[in-house]
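Student: All I have is the shape, not the residue letters:
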């Protein structure tokens with residue numbers, strides 16, 4: 001078992017937050033609102049990663065991507081000490097390349113993060129929603145289908161972060177962790193959702209080579225940089241905090 005001794009979240013600081021949302025999808029603040037908050041907190045990087053365009057209710061408008069990029073470039077001039085990146089939280093589906101992004105759209109973003117969400121066709125949305133509401137009939141087959149969907153997506157695409165693994169349905173976390181290690185994909189400990197849970201972190205940590213990242217998944221500017229609950233969850237899970245790539249112990253460089 002990995003040890004944490006007497007470490008607490010207060011002993012650590014966040015270096016960057018790569019999962020934040022704005023009014024371009026269903027966040028409540030502008031890109032500059034999020035950037036300003038990150039700047040005030042002294043973060044090194046922030047990414048704007050609004051929901052992928054395939055989401056039926058709050059995906060980004062493909063026609064707005066050029067405006068998002070312009071906003072990002074303007075922020076990098078206005079806040080030169082902060083690196084602002086444009087990402088997208090693509091939605092994982094079963095068809096095609098496994099994402100709601102066209103392959104030619106990848107180059108429009110600095111990097112891609114991806115996760116499973118409701119609100120799309122081709123991802124067992126209704127079955128997973130019912131499972132989450134307590135209807136567990138066919139759970140094992142659903143777990144197998146969900147897990148294959150995620151693994152296929154990871155292997156077909158260059159995904160930097162798998163967002164909130166385990167959320168919204170049954171998944172085989174160990175199998176997914178093995179492919180995250182294989183594809184060099186970070187597994188996210190999300191402070192907005194309950195995933196990864198303490199138990200999911202324990203399972204994933206058993207896989208050698210898996211690394212983790214803490215994200216705020218901020219939908220309001222005031223939550224940008226929120227990370228301490230994620231550190232606390234990791235400590236309870238017994239995770240070696242050196243495996244979390246975007247935190248460091250205060251006073252160390």
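Tutor: Received, thanks. Remember, it's a predicted structure, so these values are computed and weren't measured experimentally.
Student: Now do the contacts for residue 150.
Tutor: When contacts are counted by C-beta atoms under 8 Å, 6 or more residues apart in numbering, residue 150 touches 92, 116, 162, 165, 171, 176, 179. In short, each C-beta sits where N, CA and C put it, glycine included.
Student: how about a cut-off of 10 Å?
Tutor: By C-beta atoms under 10 Å, 6 or more residues apart in numbering, the contact set of residue 150 is 92, 98, 114-116, 159, 162, 165, 169, 171-172, 175-176, 179-180.
Student: nearest to residue 229, of those residues?
Tutor: When the contacts of residue 150 are ranked by distance to residue 229 (C-beta to C-beta), residue 165 comes first, at 16.6 Å.
Student: which SS class is that closest one?
Tutor: Here residue 165 is recorded as coil under DSSP: H, G, I helix; E, B strand; the rest coil.
Student: Am I right that it is in contact with residue 173?
Tutor: Yes - between residue 165 and residue 173 there is a contact under C-beta atoms under 10 Å: 6.3 Å.
Student: residues shared between the contacts of those two?
Tutor: Contacts common to residue 165 and residue 173, judged by C-beta under 10 Å, 6+ apart, are 180, 187, 195, 196, 197, 200, 201, 204.
Student: just to revisit the earlier point, just the buried ones among the contacts of residue 150, please.
Tutor: The neighbour-count test (16 or more other C-beta atoms under 10 Å) applied to the contacts of residue 150 identifies 92, 98, 114-116, 159, 162, 165, 169, 171-172, 175-176, 179-180 as buried.
Student: what's the burial count for residue 122?
Tutor: Residue 122 has 15 neighbours, counted by other C-beta atoms under 10 Å.
Student: how about the spatially most central residue of the chain, what does it touch?
Tutor: Nearest to the geometric centre of the chain sits residue 163, at 2.8 Å (C-alpha atoms, centre = their mean). Going by C-beta under 10 Å, 6+ apart, residue 163 touches 18-19, 49, 89-90, 92, 113-117, 186-188, 190, 193, 195, 213, 215, 217.
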